[in-house]
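Novice: got a predicted model here, sequence first, then my questions.
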2 protein chains.
Amino acid sequence: MSMNSANPRLRADVPVVVVVGSGFGGLRVAQRLAKAPVRVAVLDRTNHHLFQPLLYQVATSVLTESDIAFPIRRIFRNQANALVALAEVVAVDRATKTLTFADGTKGPYDWLVLAAGAGSSYFGKDAWKAFAPGMKSLDDATAIRGRILRAFEDAEAETDAQALKAHLTFVVVGGGPTGVELAGAIRELAVEALSRDFRRFDAASTHVILVESADRLLAAMSEQSSSVALDSLRAMGVEVRLNERVTEVFDGGVMLGTERIEADTVVWAAGVAASPLGATLGVPLDRAGRVKVLPDCSVPGSPDVFVIGDMAAQVCARTGQPVPGVAPAAMQMADMVARIIGAESAARTGAKPPRPAFSYFDKGSMATIGRARAVAEVAGLKMRGLLAWLAWLFVHVLLLVGFRNRVFVMLSWGFAYLAFSKGARIITGHTRSRLRAPLGAEMEKLLAQRKLGR
Amino acid sequence: MSMNSANPRLRADVPVVVVVGSGFGGLRVAQRLAKAPVRVAVLDRTNHHLFQPLLYQVATSVLTESDIAFPIRRIFRNQANALVALAEVVAVDRATKTLTFADGTKGPYDWLVLAAGAGSSYFGKDAWKAFAPGMKSLDDATAIRGRILRAFEDAEAETDAQALKAHLTFVVVGGGPTGVELAGAIRELAVEALSRDFRRFDAASTHVILVESADRLLAAMSEQSSSVALDSLRAMGVEVRLNERVTEVFDGGVMLGTERIEADTVVWAAGVAASPLGATLGVPLDRAGRVKVLPDCSVPGSPDVFVIGDMAAQVCARTGQPVPGVAPAAMQMADMVARIIGAESAARTGAKPPRPAFSYFDKGSMATIGRARAVAEVAGLKMRGLLAWLAWLFVHVLLLVGFRNRVFVMLSWGFAYLAFSKGARIITGHTRSRLRAPLGAEMEKLLAQRKLGR
């Protein structure tokens, strides 16, 4: 091929590093291998890197799809040793160093980095998924956006008081960062952006219920931050139910023990299950399906196979604490793995340098709850309110891939937070094709009144 | 209801004007009735007004969905006599002045304005639709975007030369403005934005074929503009086939008479069929399914029912020429109909003022062919090249609903045309779920070469 001759590093005898997944970890490891004497193949089921921490803003009409998604090819345009492909890997055979793709064909690897992330876990109740979608992909987020917006449309068309209440009830299951941010954002969408657009019900009566089985929100943060988040959400009008567990999800609501809550819209932000790809390795997994990796992030018995990010059950070498499933942890693992592969591929014929053990550096964590409300903990410093929110804005804009995305996201936020308007309130696809006759009853009533009145 | 008491105009004895459709015509007639002593109900199947002239830019990754879609409720937020509802009207009964909705329920009207637009027509060959989608809705455009981007992904993964050619062949059927703009934009997307992102084929070898059965493009414009459009497209590398007709569409290509063209991607921009709602009126239609309206845009025998825009077969009272299916014509009809309803509803008990006959004022027409290439004809003045393109930019930004959309569209164009980058290259949904194993063969070959080489 022409590019092989153009680039001396791309001779056919360089080893191939296959990276599965293009989230924060996969992207990073591939980028960090740019100068290594290897060829990098980045495989993903989608054509874009997704900035998952802002997915909830697509679901609540603040940002649009392309604001938080970036074409993977564009990212690697100038990295000569990288090849990008739209492909779904379904199994790994470590003995033959072979991957199996979704269509049954196979492909080899020299080094393998699994960074396929995690999906939603329903704790074995997969039937709940249809009624309480999780939020992991762009399609998930636009489907949830469609459900939320359609619930308000249904409310506008409703004449029955009990049904109206169900249209305006939103249950968010799970009080981690996604659940907290989503619950706040739905309430904000209703109160600020939609309230003036609907005539026949009071959008401020929107009932957002956040259910958390533990005794506090944001379990990964300090108790102080949990308490600030709780107060902020309650001040915004969100009903937070701690120490409660969803025992059943059905079409139109949930059960919390014996209490039945009628809600058109239920969103699942409770459990996380690692990509099923890990299970094909044939090594021990933890309860969330994560691969129990060695300190160097490799798989027991296969020093050429690494698992990083949300797929890996890793322990910090310094503290002995489990490493959390957050973007910075995935990127730090990626850095270490890229260093290992880089060093060993450079020294392939000589003695291999000793491998490091992964140590997690906690840069802090943050969650936003609404306009100018957030909690942040950075380097032992606890922030709240406007300051934390500005820190959150700054970090997220900074981390966004691509100049274009940064500009558009900042502008969208400007419009959303200053003009109190959400621009991306578009129902697409066929989330629920209940194109009802909302005005029928209303107009009938109007005309009946008119006839009586004359 | 509380708003009735708040607004004296909204007593129950005001007549209800039902507007079906929120395109350029429907939106305009409802807005122009803001001060009339009527209540306006705007019904649409979607929750957004769609700026259809720019749909092809969503299909080619220049703009994003929310750039060209605007929530209908937001538009009518401050219009006290307007009510917006998500509803699909499937039939009109003029005798009882009743609408039937998709779910079978019914609703009455006093005045009715049908402005439901048009869909794609396959001239009776509806089976072609699956292989050659039309471009009328936001979902159409994102599906076509997905097809186009996936064809390039498939090309990158292809090892067979003939299959590669089919991946890189794009057939656009119909040489009107949509076809011309789309063909130019696909070629531009390939040559400018994608060429550096793919490694294994030359994106410049993308083969875009525009098929037109007449002997010139842009039949509604002057021969001079047609010729400029033809030259521009050819200069860009688009193959324009005039006087040729698609005789068959199949999965993977088209037949032009006896010539078989293998193409993964075929887009239909050839025929237009008015909304089937017109047929339920029981009055004569033209061949495209449009209602043959009276000079005042009303339906024969029903002065209280109007049909405007792409659904209406209207003749200009001044010139005797058929009125074209373009946005300005729809808006001019809307203006006239709003004046009629406004005057007659105000004078309901007295003598009715005479109704005007519709006269079309041709503001000109324009089509863009690529960056800095366009043709425009305004008030007898023919423009081409950069000047026409700037005029096109100006008019389209001006017509876009909403300040936010204008700003975002201008920025997107800035990025697309100056930075040669298309930001919205996101494959969503499941257009074609062929998640193949593209890298398998490639990697196998690489490794085989390596083994041989050593």
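Specialist: Looks like it arrived, so ask away.
Novice: from what I see, A:P284 and A:R290 are in contact.
Specialist: No - the criterion here is Cβ atoms under 8 Å, and A:P284 misses it with A:R290 at 10.0 Å. Just so you know, the C-beta spots here come from the backbone N, C-alpha and C atoms, and that holds for glycine as well.
Novice: these two: which is more packed in?
Specialist: Set A:P284 next to A:R290 and count neighbours by other Cβ atoms under 10 Å in any protein chain shown: A:R290 wins out with 23 against 9.
Novice: do you know the pLDDT at the more buried one?
Specialist: Looking at A:R290, its pLDDT is 97.
Novice: what about it, distance to A:L27?
Specialist: 20 Å (Cβ to Cβ, to the nearest Å).
Novice: cool, A:A161 as well?
Specialist: Distance, A:A161 to A:L27, by Cβ to Cβ: 50 Å.
Novice: quick one: which of the two has more around it?
Specialist: A:L27 (24 against 7).
Novice: wait, what's in contact with the more buried one?
Specialist: Applying Cβ atoms under 8 Å, 6 or more residues apart in numbering or on different chains, we find A:L27 in contact with A:42, A:49, A:72, A:75, A:334, A:401.
Novice: repeat that with 7 Å
Specialist: Contact partners of A:L27, counting by Cβ atoms under 7 Å, 6 or more residues apart in numbering or on different chains, are A:49, A:75.
Novice: name the next helix or strand downstream of the helix or strand encompassing it, please.
Specialist: A:L27 is part of helix A:24-32 when elements are defined by DSSP states H and E. The helix or strand immediately downstream of helix A:24-32 is strand A:39-44, counting by DSSP H and E.
Novice: between helix A:24-32 and that next one, find me the angle.
Specialist: 160 degrees (axes from the mean of the first three to the mean of the last three Cα atoms, to 10 degrees).
Novice: list the contacts of the closest residue to A:Y56 other than its chain neighbours.
Specialist: Leaving aside its sequence neighbours, A:Y56 sits nearest to A:L182 (Cβ to Cβ, 6 or more residues apart in numbering or on different chains; 4.5 Å). Contacts of A:L182 were listed using Cβ under 7 Å, 6+ apart, and they are A:56, A:59, A:172, A:267, A:269.
Novice: give me that answer again for 8 Å
Specialist: A:56, A:59-60, A:135, A:172, A:267, A:269.
Novice: pretty sure A:S232 contacts A:A372?
Specialist: No - A:S232 is not in contact with A:A372 according to Cβ under 8 Å; the separation is 10.1 Å.
Novice: could you check which of the two has the larger neighbour count?
Specialist: It is A:S232, of A:S232 and A:A372, that has more neighbours when counted by other Cβ under 10 Å, with 22 against 14.
Novice: just checking, that one is part of a helix?
Specialist: Yes - assessed with DSSP: H, G, I helix; E, B strand; the rest coil, A:S232 lies in a helix.
Novice: tell me the confidence at it?
Specialist: Turning to A:S232, the model gives it a pLDDT of 94.
Novice: wait, what's in contact with it?
Specialist: Neighbouring residues of A:S232 by Cβ under 8 Å, 6+ apart: A:184, A:369-370, A:373, A:375.
Novice: just those residues: which are in strands?
Specialist: Among those, the members falling in strands (DSSP state E) are A:369-370, A:373, A:375.
Novice: which stretches of chain A have low pLDDT?
Specialist: Counting by pLDDT under 70, chain A contains low-confidence residues at A:1-12, A:348-350, A:402-403, A:416-424, A:429-454.
Novice: ok, now how distant is the spatially most central residue of it from B:I75?
Specialist: Residue closest to the average C-alpha location in chain A (Cα atoms, centre = their mean): A:Q52, at 3.7 Å. As for A:Q52, its distance to B:I75 is 33 Å (criterion: Cβ to Cβ).
Novice: just to revisit the earlier point, which of the contacts of A:L182 lies closest to A:Y122?
Specialist: Checking the contacts of A:L182 against A:Y122 by Cβ to Cβ gives A:A269 as the nearest, at 11.7 Å.
Novice: hang on, that closest one packs against A:V173?
Specialist: Yes - assessed by Cβ under 8 Å, A:A269 is found in contact with A:V173 at 6.2 Å.
Novice: what sits in contact with each of those two?
Specialist: A:G179.
Novice: and the residue of the stretch 101-250 of chain A closest to chain B?
Specialist: Distances between the stretch 101-250 of chain A and chain B by Cβ to the nearest Cβ are smallest at A:F101, namely 3.2 Å.
Novice: that residue bridge partners, please.
Specialist: Under the criterion DSSP bridges, A:F101 forms beta bridges with A:V89.
Novice: okay then, goodbye and thanks.
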